[in-house]
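Visitor: next input, structure requested:
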Amino acid sequence: MRRRITQSAGFLIVPAICCAVTVYFGYAGIAGPRGLVVWSETEAALAEAQIELSDIRAERIALERRISLLDENALDPDLLEEVARGTLAQGRPGEVAIPREKQ
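Guide: This is a model prediction of the structure:
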């Protein structure tokens with residue numbers, strides 16, 4: 001009888017290990033750090049990051065346009081006057097310059 005129990009236990013070791021591995025990977029696939037439960041949170045974070053990226057790209061395009069206006073060969077006089085007034089806080093006679101904080 002003891003021999004039969006030992007033999008039966010030997011046959012159950014491989015299926016038990018397979019079940020344990022399946023349960024481990026199943027749990028990791030559902031509740032792990034990259035599982036289905038976290039997927040919706042990751043998608044929300046991705047959408048937020050894409051919005052932030054589009055804002056940064058728009059700001060970059062605006063800055064590139066402003067830099068192109070400061071080109072030596074095609075200097076825009078209005079932009080030059082704006083930069084000079086902002087930097088030096090000076091204007092024409094009779095004008096009052098009020099410095100603003102950058103936003």
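Visitor: in this structure, which spans are helices?
Guide: Ranges of helices in the chain, per DSSP state H, are 2-31, 36-69, 77-88.
Visitor: mind telling me which of those helices the model trusts least?
Guide: Ranked by mean pLDDT, these end with helix 77-88 at the bottom, a mean of 73.
Visitor: tell me which other helices or strands it touches.
Guide: Where contact means 3 or more CB pairs under 8 Å, 6 or more residues apart in numbering; DSSP states H and E, helix 77-88 is not packed against any helix or strand. C-beta: built from backbone N, CA, C; applies to glycine.
Visitor: one step back: and the helices of the chain as a markdown table, adding mean neighbour count and distance to E101?
Guide: Compiled in a markdown table, those are given as follows (neighbours: other CB atoms under 10 Å; distance: least, CB to CB, whole Å):
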| stretch | mean neighbour count | distance to E101 |
| --- | --- | --- |
| helix 2-31 | 10 | 48 |
| helix 36-69 | 10 | 19 |
| helix 77-88 | 11 | 12 |
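Visitor: could I get these as CSV with distance to G94?
Guide: Below are these laid out as CSV (distance: least, CB to CB, whole Å):
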stretch, distance to G94
helix 2-31, 72
helix 36-69, 28
helix 77-88, 14
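Visitor: tell me how this structure divides into domains.
Guide: Annotated domains of the chain cover 1-32, 46-92 [automatic domain parsing].
Visitor: reformat those as a markdown table; add distance to S40.
Guide: Below are these laid out as a markdown table (distance: least, CB to CB, whole Å):
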| stretch | distance to S40 |
| --- | --- |
| domain 1-32 | 13 |
| domain 46-92 | 11 |
